[in-house]
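Novice: A structural model of the following input is requested.
(chains A, B and C)
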Amino acid sequence: MSTLTEAPPPLAPEAPEPKPPQRRGRWTPYWLLLPGILWLVVFFALPMIYQASTSVQTGSLEEGYKVTWHFATYWDALSAYWPQFVRSVLYAGTATILCLLLGYPLAYLIAFRAGRWRNLIMILVIAPFFTSFLIRTLAWKTILADGGPLVGALDTLHVLDVTDWLGWTAGDRVLATPLAVVCGLTYNFLPFMILPLYTSLERIDGRLHEAAGDLYARPWTTFRKVTFPLSMPGVVSGTLLTFIPAAGDYVNADLLGSTDTRMVGNVIQTQFLRVLDYPTAAALSFILMAAILLMVTLYIRRSGTEDLV
Amino acid sequence: MPFVNWLKRNLVVIAGLLTLGYLLLPNVIVTVFSFNKPKGRFNYQWQQFSLDAWKDPCGVSDLCGSLSVSLQIAVWATLGATLLGTLIAFALVRYRFRARGAVNSLIFLPMAMPEVVMAASLLTLFLNMGAQLGFWTILIAHIMFCLSFVVTAVKARVMSMDPKLEEAARDLYAGPFQTFVRVTLPIAAPGIAAGALLAFALSFDDFIITNFNAGSTVTFPMFVWGSAQRGTPVQINVIGTTMFVVAVLLVLASMAVGNRRNRQKA
Amino acid sequence: MTNQTDPTGDVRLTGIAKTYGAFTAVHPLDLTVPQGSFFALLGASGCGKTTTLRMIAGLEEPSAGTVSLGGQDVTALPPYKRPVNTVFQSYALFPHLDIFENVAFGLRRRGLRSVKKQVGEMLDLVQLGEQARKKPHQLSGGQQQRVAVARALINHPKVLLLDEPLGALDLKLRRQMQLELKRIQTEVGITFIHVTHDQEEAMTMADTVAVMNAGRVEQLGSPADLYENPNTTFVANFLGTSNFIEAEVDSRSGGEIVLKAGGGKLVLPEARCSAPATAGGKVLVGVRPEKISLTHADDAGEIPEGRNRITGKIADSSFIGVSTQYVVDSPVCADFEVYAQNIDRDPRLVPGAEVVLHWNPAHTFGLDAAQDADAGVEEAA
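Specialist: Modelled structure (predicted):
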């Protein structure tokens, strides 16, 4: 056919890249990489090592800390704060599932049903980003206020009875309960679910839907057998982009929750900035990082989508 | 049953619009409450209509100062991250080199790391080095976490660029530098702009990493955080509303310009 | 426009080769393209023709050998220092510049300030004067193609390289652009080196065609020469269609070789045999389908003396307007193809009919029997 892929050398899969003839060109990529990579090494990778070392130090603020390979800090931290860890995973996991359930219809709407409204809806999804998320999170205090219209309606509909029974709310309050925190997390990270979902849905050829319909698939079957599998890359990166920051978040738990809804992020923040117990804080942070990396790796393996970036 | 059928067909639209409502509700509240005149220190309950805050947006001490700090940091962080990130993106797309996998992971990891972990570890570094926390430590941190996002945005654009264009430039008497300035850079510009915009938004709105590494410097998000404990001035809502409106208007305006240009061409 | 009588304007490739690791894209190659000629490199995808072109342009460094332009060795020069310009396969027009600036690009890079007049003239030459301020994506494929030609030609290169320049156009436009390019070449007198996989395109446009296969030049010559007198089965099959009969050399006399095939005898002019024909040796006898006449077996007696003839049975026939294409089963060659002009159609020539195929011996060519008779069939498809 065409010679677009003229003479592909079988041993070098990439098209022959024209290299500048001068010898100096061999070092160009390293010069380009140097400043940025140095920045990441010094201010991202090196801190991780410092943190690892801090987590096995003992001492006090006044006398200074020394590396004593005191691994017991990990054990102490875990046994003292395991409820917060469990809560983080639980809240972040629930918020991620809610984001998927809420975000999918909207992403689908933008990709296939919005027509000329597509751009406007896109703007409305992204625009809230430009208002500080803290201000928007504070607005939930108003929306979920005790005795407010929303809580009143939920109470009248006896929804609160159910959530009370489940332990998500307490009495006739929503604010300062797990439900409020999860609601805030869901809200804050929903765009991170919608955008990757939209990107992968938009790539699906609309004719595939017609083909599926032509081959006797009902709309729901078409969705299950064609649309959803093809949107898996978006689902995977969306869930990761939602779960990871949600698991480390402490803002929602702090602003919308109570002492009973503290997540591991709250503990790290308090230990670091108020109690000034650096080893414990570093150990907690290290455990969180390891846990998330482990979960993410397993998840990506399972879902078989290796090429996320 | 025509109604049931209609409902069935449009279920996804209704669900999607409800989600959109959920996304926008807080912005509506923020806007409405910018016209509130609260009793007491907290602006969580509607009392009565007032334009007080709009007439005097800087009327709360430190508010506009923190806004200015945030803007300065965002501008410098955007410049820094865009420059460094663009260089990395070009190296990744255009050259084969060793340690490519390691570089890719180093770019990916900051995006896959909870902010609180990066925040805490960076603070241990600064404490160990005895660095004075403040403007500069915030800026360093912001460039660090914006970098990966810029790389991703620019990389996507450069990858979709036809390498034949650069060959054509070299064939037409443009040396390496001329080729870069006249052809490569202009074509990569939309990707670089997208990366810069993302970096600005991320930096301006960052709270967690900033909160750990700010020392006594107060950025706008930190001011909001503090006010959540001490009392929320209505001016916060005024600024939040303004940012939302300005952002939407800017996007609409750029779209209108783009549309008109397309129509002229057609 | 350029000095057409400059005797040193030839492109000379000496032992030029390109390898990628263990893969050889171009085997050491010697080639001279005379000044002012329209030269085509013809071959299937992956045959090394584009690599050869890119080495002339300087976009690819040769692994061995030299490139010289008008007597000057340019092998070590980067592309931006060579007096050579390229029309790229997908045109590679700069999307961010308008048509005027695209065409002016080369002049500006060489430091020319006032380019308006030249660019205007060049756009007129390719009939795009009206479109100067449009962006490339607003033009049709054919217009973009002409911009690409203008952008290269305006620099008055010693050689214009065209890398499959018509590949993206539809058939009708391609025919039109072939004539257009030929007109421009005649007008400006610059050497054109044209890479294509389309044998018809190469034959229509070029004075000289080099057929490349697997990194080597199989044969070089004028289009008619290549078609009428192919030296290898690859060339015979890649350019048009050929029928082959495996035959044994019987005797040679008076400039003619007599061959035995099946029960019959075939005559082949010695000058048209590229194989060493020793008595008893094997030769592949080739003949083009349109050279053959078809006569019903009942009329075999009316065939004039002195023509090569074989017998067979029509297996299939398809009517395609100007001609009818027959497939004939013969004992010496299955699937013998015959194209008969629709002048007087014999109604007896239907599948199943016994026929005699006959042709003028002067249209026969002889090839080395050691090669694959089907070489180049796939590639030409």
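Novice: what's the residue nearest to A:Phe189 when sequence neighbours are not counted sitting at in phi/psi?
Specialist: Counting by CB to CB, 6 or more residues apart in numbering or on different chains, the nearest residue to A:Phe189 once its immediate chain neighbours are dropped is A:Thr242, at 4.4 Å. Placement of C-beta: from N, CA and C, glycine included. Phi and psi for A:Thr242, reported as degrees, to the nearest 10, are phi -90, psi -50.
Novice: Run a quick neighbour tally on A:Thr242.
Specialist: 29 (other CB atoms under 10 Å in any protein chain shown).
Novice: Nearest to chain A: which residue in the stretch 101-250 of chain C?
Specialist: Residue nearest to chain A within the stretch 101-250 of chain C: C:Gly167 (5.3 Å; CB to the nearest CB).
Novice: Verify the stated contact: that residue with C:Phe88.
Specialist: No. C:Gly167 lies out of contact with C:Phe88 (CB atoms under 8 Å); the separation is 10.6 Å.
Novice: quick one: which of these two has more around it?
Specialist: For C:Gly167 versus C:Phe88, the count of surrounding residues by other CB under 10 Å is larger for C:Phe88: 23 against 19.
Novice: and that one, what does it touch?
Specialist: B:164, B:167-168, C:148, C:163, C:165 (CB atoms under 8 Å, 6 or more residues apart in numbering or on different chains).
Novice: switch to 6 Å and redo it
Specialist: By CB atoms under 6 Å, 6 or more residues apart in numbering or on different chains, the residues touching C:Phe88 are B:164, B:168, C:163.
Novice: Highest neighbour count among those?
Specialist: B:Ala168 (29 neighbours).
Novice: check which helix or strand covers residue 160.
Specialist: This is for chain A. helix A:159-166 (DSSP states H and E).
Novice: Chain C was what I was after
Specialist: strand C:159-163.
Novice: cool, A:Leu78 as well?
Specialist: For A:Leu78, the host element (DSSP H and E) is helix A:72-108.
Novice: next SSE after that helix?
Specialist: Next along the chain after helix A:72-108, taking DSSP H and E as the criterion, comes helix A:118-126.
Novice: can you pull the buried residues of the least confident helix or strand in chain A by mean pLDDT?
Specialist: When each helix and strand of chain A is scored by mean pLDDT, DSSP states H and E, strand A:64-67 comes last, with a mean of 78. Buried residues in strand A:64-67, counted by 16 or more other CB atoms under 10 Å in any protein chain shown: A:Tyr65.
Novice: Next: stretch B:200-216.
Specialist: Residues of stretch B:200-216 classed as buried by neighbour count (16+ other CB under 10 Å): B:200-214.
Novice: Please name the nearest non-neighbouring residue to A:Leu32.
Specialist: B:Ala91 (3.8 Å).
Novice: Please state the offset of the strand or helix carrying that neighbour from the chain centre?
Specialist: Here B:Ala91 sits within helix B:63-94, counting by DSSP H and E. Averaging C-alpha positions (CA atoms, centre = their mean, to the nearest Å) puts helix B:63-94 10 Å from its chain's average.
Novice: you'd agree C:Val328 is up against C:Asp316?
Specialist: No. Counting by CB atoms under 6 Å, C:Val328 does not reach C:Asp316; the two are 8.8 Å apart.
Novice: Just the CA atoms of stretch B:207-221, as PDB, please.
Specialist: Provided in PDB are the C-alpha atoms of stretch B:207-221 (Å, rounded to 0.1, in the frame of the first residue of the first chain):
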ATOM      1  CA  PHE B 207      -3.700  23.800  50.500                       C
ATOM      2  CA  ILE B 208      -2.300  20.600  52.000                       C
ATOM      3  CA  ILE B 209       1.300  20.900  50.800                       C
ATOM      4  CA  THR B 210       1.300  24.600  51.400                       C
ATOM      5  CA  ASN B 211       0.000  24.300  54.900                       C
ATOM      6  CA  PHE B 212       2.900  22.000  55.900                       C
ATOM      7  CA  ASN B 213       5.600  24.100  54.400                       C
ATOM      8  CA  ALA B 214       4.400  27.700  54.700                       C
ATOM      9  CA  GLY B 215       5.800  28.600  58.100                       C
ATOM     10  CA  SER B 216       4.100  31.900  59.000                       C
ATOM     11  CA  THR B 217       3.400  32.900  55.400                       C
ATOM     12  CA  VAL B 218      -0.300  32.800  54.700                       C
ATOM     13  CA  THR B 219      -1.700  32.000  51.200                       C
ATOM     14  CA  PHE B 220      -5.300  32.500  50.300                       C
ATOM     15  CA  PRO B 221      -6.400  28.800  50.800                       C
END
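Novice: Can you classify B:Phe180 by secondary structure?
Specialist: When classified by DSSP: H, G, I helix; E, B strand; the rest coil, B:Phe180 comes out as helix.
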